[in-house]
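A.B. asks: could you look at this predicted model? Sequence included:
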Amino acid sequence: MKRVMSGMQSSGTLTMGNYIGAILNYKKLQDDPENECFFTVVDLHAITTPQDPKLLKEQTEAVAALYFASGIDADKSAVFLQSHVPAHAEMGWIMNTLSYMGELERMTQFKDKSQKHQESIPSGLFTYPTLMAGDMLLYQADIVPVGEDQKQHIELTRDLAQRFNQRYGETFKIPSSEIPEVGARIMSLQDAKKKMSKSDENQGGFITMVDEPNVIKKKIMRATTDSGNEVRFDKEEKPEISNLMTIYSCLSGISIKDIEKKYDGLMYGAFKKDLVDVVVEQFSPIQQKYKEIRESGSLYHMLQQGAEKAHAVADRTIEDVKEKMGFVLPVNKLKK
Ligand code: TYM
C-alpha cells in the first residue's frame, strides 16, 4: 500500500486552478486500490493570514464539501479538518525546531506572500512550510499530489525528514510530490504571467468551483487572448490561448494536439464558446452535489469519520517522534 496525503487551504473558495492542479489527481490516486489517501482542509494554514472567524468557518465547510462533491469518497479516503487532529500543530512545532531560518527565507511562496504584508509579516507565514512538512510526515506519505507551486515546500519536507532520520534514527518516509504533466500551473484569465489565485484582486482572473454558468461564461469570453487568431499551443509566443487550451484539455480529456486539430482554421471566439460548455459541464454536477451535501448536514459526520482515520495514523507517528526525541511519555503511553 502507498500512502497519499494532500491538503487545501480554506482561506477562500476553491478555484479552477485548485481543481485541475490538485483535485483531479486526488481522484485518480483515490481510485487506485493500492493507495490509502488522506486529504485535509488546512484551516491552521489558513490563519497564517488574518481571517474573519465567521468567514473562515463558512469557507472551511465549503472546501470540505467541495472535496466530497468532486468525487472524493468518505469511504475510500480520509477527508478531515487539520484542526481536528491536534498532532498537526504539535508536529509543526517540532519541524520548526528542526528547520533553519535560511532555508525558510528561501521559500519563494513566503517571499511572494510577505510582500503583501510589508512591515508586519505574520510569523505564521514564515513557518507555514514547517507546519506543512508536519502534515505529510505525520501520515508517512509516499505521494503528495500538488500543483507546481508546492514543489519547493515538498523538497524542504524531504530535507527535514532526512535531517530528523539522521539525528534520531529512521522514523519518516521521504515523500515525493506528484505534479500533473498538464495543468500543474493554471494561469490567470486576465494575465498569463500570474498564477490563477483566489486572492487575485481582479475577480475576472479566476473561476471558482461554485461560479454560476453565466459568470463562467462572462469570465471566459472576457479572458485576454494573444494577438492573432490561431488556436495553437505555444507557451512562449501564445501564453494566453495556451492557458485556455490547457484548461480545455484537462477538463475534457482531449489532448492539446487534438484541440489544435479541432479548431484548425477557426477563431478564438468559437474556441472560447466551446470552452464555456466544457467548464460548465464539468462544474454543474459538482455544484449540484455540493448543494445537496451542504443542505443534508452529512458533512460533519463524514469529517468525523475522516478525523478518526487520521487520528489512528497521526497519533502513532507523533508518539514515536516524541519518544525518539527524548520526551517523557505519559504513563498510559509507556510501552510495556
Ligand atoms: P492551496 O490551498 O494554496 O492550494 C491547494 C492545491 O491547489 C494547487 N493549486 C494550483 N494548481 C494549478 N494551478 C493553479 N493556479 C493552482 N493554485 C493552487 C496547489 O498547488 C495545491 O496543490 N500549502 C498547500 C496546502 C497544504 C498541503 C499540505 C499540500 C498544507 N499542507 C500537505 C500538500 C500536503 C497549498 O498550496 O494550498
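C.D. replies: Looks like it came in fine. Here the structure is a predicted model, which means the values were calculated and not measured.
A.B. asks: and the helices in the stretch 201-336 of the chain?
C.D. replies: Ranges of helices in the stretch 201-336 of the chain, per DSSP state H, counting those that start in this stretch, are 213-221, 239-252, 256-262, 268-296, 299-325.
A.B. asks: so which of the ones you listed is the most packed in?
C.D. replies: Using mean count of other CB atoms under 10 Å, the stretch among those with the greatest mean number of neighbours is helix 239-252 (a mean of 21). Heads up, the C-betas are built off the backbone N, CA and C, glycines and all.
A.B. asks: ok so, going back, and the helices of the stretch 201-336 of the chain: which comes nearest Ala133?
C.D. replies: Ala133 sits nearest to helix 299-325 of all those, at 12.3 Å, using CB to CB.
A.B. asks: Asp191 versus His84, what's the distance?
C.D. replies: Counting by CB to CB, to the nearest Å, the gap from His84 to Asp191 is 37 Å.
A.B. asks: before we move on, the earlier item: redo the helices of the stretch 201-336 of the chain as TSV? Include mean pLDDT and distance to the ligand.
C.D. replies: Formatted as TSV, the helices of the stretch 201-336 of the chain follow (pLDDT from 0 to 100; distance: least, CB to the nearest ligand atom, whole Å):
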stretch	mean pLDDT	distance to the ligand
helix 213-221	98	14
helix 239-252	98	9
helix 256-262	98	16
helix 268-296	98	15
helix 299-325	98	12
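A.B. asks: what number of residues are in the vicinity of whatever residue of the stretch 101-250 of the chain ends up closest to the ligand?
C.D. replies: The minimum distance from the stretch 101-250 of the chain to the ligand, using CB to the nearest ligand atom, falls at Gly147 (2.4 Å). Gly147 is flanked by 21 other residues according to other CB atoms under 10 Å.
A.B. asks: and the residue of the chain found nearest the ligand, what does it touch?
C.D. replies: Of all residues in the chain, Gly21 sits closest to the ligand, at 2.0 Å by CB to the nearest ligand atom. Taking CB atoms under 8 Å, 6 or more residues apart in numbering, we find Gly21 in contact with Val146, Gly147, Glu148, Pro180, Gly183, Ala184, Arg185, Ile186.
A.B. asks: what pLDDT does the closest residue to it other than its chain neighbours get?
C.D. replies: For Gly21, ignoring the flanking residues on the chain, the nearest one in space by CB to CB, 6 or more residues apart in numbering is Gly147 at 3.1 Å. With respect to pLDDT, Gly147 scores 98.
A.B. asks: can you check the one 5 residues further on too?
C.D. replies: The model reports Gln152 with a pLDDT of 98.
A.B. asks: pLDDT score assigned to the residue lying closest to Lys322 once chain neighbours are set aside?
C.D. replies: Nearest-residue entry for Lys322: Leu329, 6.6 Å, with adjacent residues in sequence omitted and distances by CB to CB, 6+ apart. Per-residue pLDDT puts Leu329 at 89.
A.B. asks: any idea how far Leu329 is from Ala314?
C.D. replies: Remark: distance between Leu329 and Ala314 (CB to CB) = 16 Å.
A.B. asks: what residues does this structure have near the ligand?
C.D. replies: Taking CB under 6 Å from any ligand atom as the contact definition, the chain meets the ligand at 5-9, 17-18, 20-22, 42, 45, 132, 135-136, 144, 146-147, 149-150, 184-186, 195-196.
A.B. asks: mind redoing it with 5 Å?
C.D. replies: Residues of the chain found near the ligand (CB under 5 Å from any ligand atom) are 6-9, 17-18, 21-22, 42, 132, 135, 146-147, 149-150, 185-186, 195-196.
A.B. asks: which of those are buried?
C.D. replies: Neighbour-count burial (16 or more other CB atoms under 10 Å) applied to the residues of the chain next to the ligand gives 6-9, 17-18, 21-22, 42, 132, 135, 146-147, 149-150, 185-186, 195-196.
A.B. asks: returning to what we had before: quick one: the residue nearest to Lys322 and Asn229, what's the gap?
C.D. replies: Taking CB to CB, one finds Leu329 at 69 Å from Asn229.
A.B. asks: for Tyr139, same thing?
C.D. replies: Here Tyr139 is placed at a distance of 49 Å from Asn229 (CB to CB).
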